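Student: Pasting the sequence and the predicted coordinates here, then a few questions.
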Amino acid sequence: MIENKEKKFFLYLNKNRCGGCEICVHLCPTGILEIGDELNMRISYIPRVKEGKEQYCMACRRCEYGCPDWCIYIMPEEEDENSAGKAKT
Ligand code: SF4
Ligand code: SF4
């Protein structure tokens, strides 16, 4: 979802594990997440970052800790090379 080179982190969403509960949308203190119009394999509408709001993600991990399906998470940039194959959206 987000690749923030300046702050050196990525925000990942594992699309097909998402249940579309919207918890992450409501937990995000900067309000940058919204439910989009894309359906996943669970027939859930999945969240996305609002257009042009990527730079406002603080990597606070509230979305990560609140997600009941463990499918949205922050990863430091240096760990990215070791996690090939993980879904990046
Ligand atoms: S890490 Fe924090 S600021 Fe970034 S999307 Fe998740 S809740 Fe919002
Ligand atoms: S909290 Fe998790 S399961 Fe719920 S909409 Fe967000 S990413 Fe999907």
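Tutor: Arrived safely. Ligands and ions are numbered 1, 2, ... in the order given.
Student: tell me the pLDDT at residue 80?
Tutor: The model reports residue 80 with a pLDDT of 50.
Student: Secondary structure element holding residue 42?
Tutor: For residue 42, there is no host helix or strand (DSSP states H and E).
Student: Can you give me every residue that contacts it?
Tutor: Residues near residue 42 by C-beta atoms under 8 Å, 6 or more residues apart in numbering: 16-20. Using the backbone N, CA and C atoms, a C-beta is placed for each residue, glycine as well.
Student: Separate out the buried members of those.
Tutor: 17-18, 20 (16 or more other C-beta atoms under 10 Å).
Student: What is the nearest of the residues you listed to ligand 2?
Tutor: residue 18 (3.3 Å; C-beta to the nearest ligand atom).
Student: Spatially nearest residue to residue 58, not counting backbone neighbours?
Tutor: Spatially, and ignoring its direct neighbours in sequence, residue 58 is nearest to residue 30 (6.4 Å; C-beta to C-beta, 6 or more residues apart in numbering).
Student: Also residue 44?
Tutor: That would be residue 20: by C-beta to C-beta, 6+ apart, it lies 2.9 Å from residue 44.
Student: How far off centre is the longest strand anywhere in the chain?
Tutor: The residue-count maximum for a strand in the chain (DSSP state E) belongs to strand 33-39. Relative to the chain's own centre, strand 33-39 is displaced by 11 Å; criterion: C-alpha atoms, centre = their mean, to the nearest Å.
Student: what do you get for stretch 56-75?
Tutor: That offset, for stretch 56-75, works out to 6 Å (C-alpha atoms, centre = their mean).
Student: buried residues in that stretch?
Tutor: 57, 62-64, 67, 71-75.
Student: same deal with stretch 9-29?
Tutor: Quick answer for stretch 9-29 (16+ other C-beta under 10 Å): 9-15, 17-18, 20, 23-25, 27-28.
Student: Does ligand 1 have contacts with that stretch?
Tutor: Yes: Stretch 9-29 lies within reach of ligand 1 by C-beta under 6 Å from any ligand atom, at 11, 27-28.
Student: Quick one: residues in contact with stretch 45-56.
Tutor: Contacts for stretch 45-56 (C-beta under 8 Å, 6+ apart): 1-2, 4, 6, 11, 13, 15, 18, 20, 22, 24-25, 30-40, 57, 72.
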